[in-house]
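S.K.: Build me a model:
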Amino acid sequence: MPRTGSRLKTADLTDRVVVVTGAGSGIGREVALLCARRHARLALCDINEAALDGTAGMAEKLGVEVLTYQVDVSDADSMIRFAHATFEHFGQVDLLVNNAGVGLVGGFLDTNVKDWQWLININLMGVVHSCDAFLPGMIESGRGGHVVNLSSAAGLLANPQLTAYSATKFAVLGLSEALRMELKPHGIGVTAVCPGIINTAITQNSVIRGAADVDARRKHLVSTYQKRGYTPERVAKNILRAVARNRAVAPVASEAHVMYVLSRTAPPLARWLAARAAEFSK
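M.R.: You can find the predicted model right below:
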């Protein structure tokens, strides 16, 4: 019989198998490495094979077993092959971290249909494809476990300069809340993580739309995130803490906590602050 109400202890992950998507850099890499330090076995994927190999090399130096697979999370068949390889190699999955995602800066009128499809395919359907590929095996094993889906502070409070991105991250949050209820009888927890302003390469890699000087806007964006100084290593620690506590929603940086509280207690004030914050992206 499946277990109910179980929690995954994350202080020591010996004999646990952790899957991380988008593990080649940023938060995904740091989650993988922290799990390795805590003795987990790892199944890692990323679309960037060289970056993925870099993470795997770092993890293997920590003395853990690592399986890598080049995956485009927007491709359901690719994710299914990764899941099959993982279960065949390890025989189990205990923690699934759906981290892979992309960013786009721009209001609705500056965002085209191809942009929308790209964001939806990766940020939302990537999570759907991963859950669809891994959850049946996790449920069948009867071991319980946990799923982490990376939403965003922009999934708590809409930003008019992140319209399409916000939409996908709101969707991930809603998906996570529904999954949490559905998977509880199987002893599988679900946490939506909303990091906040984190200093990763997403500021350099995000698409920027609009008429203003793109280079100047990117420099300003990168500078803002660097000055904020919140590292992906700190996010990784918070993610594993949230898993251990079986949190439904886990804001990470202080601004994400403020947005979480305001979005639920004072929506008009939250929308006003979101409009002011959007000025930084113009």
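
S.K.: Which parts of the stretch 101-250 of the chain are helices?
M.R.: Secondary structure of the stretch 101-250 of the chain (DSSP state H, counting those that start in this stretch): helices at 113-119, 125-141, 163-183, 202-205, 214-228, 232-244.

S.K.: Which of those helices sits closest to residue 273?
M.R.: Counting by C-beta to C-beta, residue 273 lies closest to helix 163-183 out of those; the figure is 14.1 Å. C-beta coordinates here come from the backbone N, C-alpha and C atoms, glycine included.

S.K.: any residues touching that closest one, and which ones?
M.R.: Here helix 163-183 makes contact (C-beta atoms under 8 Å, 6 or more residues apart in numbering) with 103-108, 111, 115-116, 119-120, 123-124, 127-128, 131, 135, 139, 147, 149-152, 154-156, 158-159, 189-192, 194, 248-249.

S.K.: and those residues, which are buried?
M.R.: Taking 16 or more other C-beta atoms under 10 Å as the criterion, what is buried in the contacts of helix 163-183 is 103-107, 111, 115-116, 119-120, 123-124, 127-128, 131, 135, 139, 147, 149-152, 154-156, 158-159, 189-192, 194, 249.

S.K.: Would you map the strands across the stretch 51-200 of the chain?
M.R.: 66-70, 95-98, 104-105, 145-150, 188-194 (DSSP state E, counting those that start in this stretch).

S.K.: Of those strands, which is nearest residue 40?
M.R.: strand 95-98 (7.6 Å).

S.K.: so what strands line up beside that closest one?
M.R.: Applying DSSP bridges to the sheet, strand 95-98 is found paired with strand 17-21 (parallel), strand 145-150 (parallel).

S.K.: now, of those, which is deepest in the fold?
M.R.: strand 17-21 (a mean of 29; mean count of other C-beta atoms under 10 Å).

S.K.: Between strand 66-70 and it, find me the angle.
M.R.: 30 degrees (axes from the mean of the first three to the mean of the last three C-alpha atoms, to 10 degrees).

S.K.: Which helix or strand lies directly C-terminal to strand 17-21?
M.R.: For strand 17-21, the following helix or strand on the C-terminal side (DSSP states H and E) is helix 26-37.

S.K.: quick one: average pLDDT of that next one?
M.R.: Computed over helix 26-37, the mean pLDDT rounds to 98.

S.K.: Count the neighbours of the nearest residue to residue 87 once chain neighbours are set aside for me.
M.R.: Counting by C-beta to C-beta, 6 or more residues apart in numbering, residue 87 lies nearest to residue 137, which is 5.0 Å off, once chain neighbours are set aside. By other C-beta atoms under 10 Å, 16 other residues sit near residue 137.

S.K.: Distance of residue 137 relative to residue 162?
M.R.: Remark: distance between residue 137 and residue 162 (C-beta to C-beta, to the nearest Å) = 34 Å.

S.K.: which sections of the stretch 1-150 of the chain are below the confidence cut-off?
M.R.: By pLDDT under 70, the weakly predicted segments of the stretch 1-150 of the chain are 1-6.

S.K.: Equivalent analysis for the stretch 151-282 of the chain, please.
M.R.: 199-204, 217-218, 220-228, 276-282.

S.K.: redo that, cut-off 80
M.R.: 197, 199-208, 210-229, 267, 270-282 (pLDDT under 80).

S.K.: Looking at the helices of the stretch 101-250 of the chain, spot the one closest to residue 9.
M.R.: Of all the helices of the stretch 101-250 of the chain, helix 232-244 comes closest under C-beta to C-beta, at 6.0 Å.

S.K.: Now tell me what touches that closest one from outside.
M.R.: So helix 232-244 is contacted by 7-11, 26-27, 29-31, 33-35, 38, 95, 97, 146, 148, 189, 191, 193, 195, 198-200, 250, 252-253 (C-beta under 8 Å, 6+ apart).

S.K.: Noted, bye for now.
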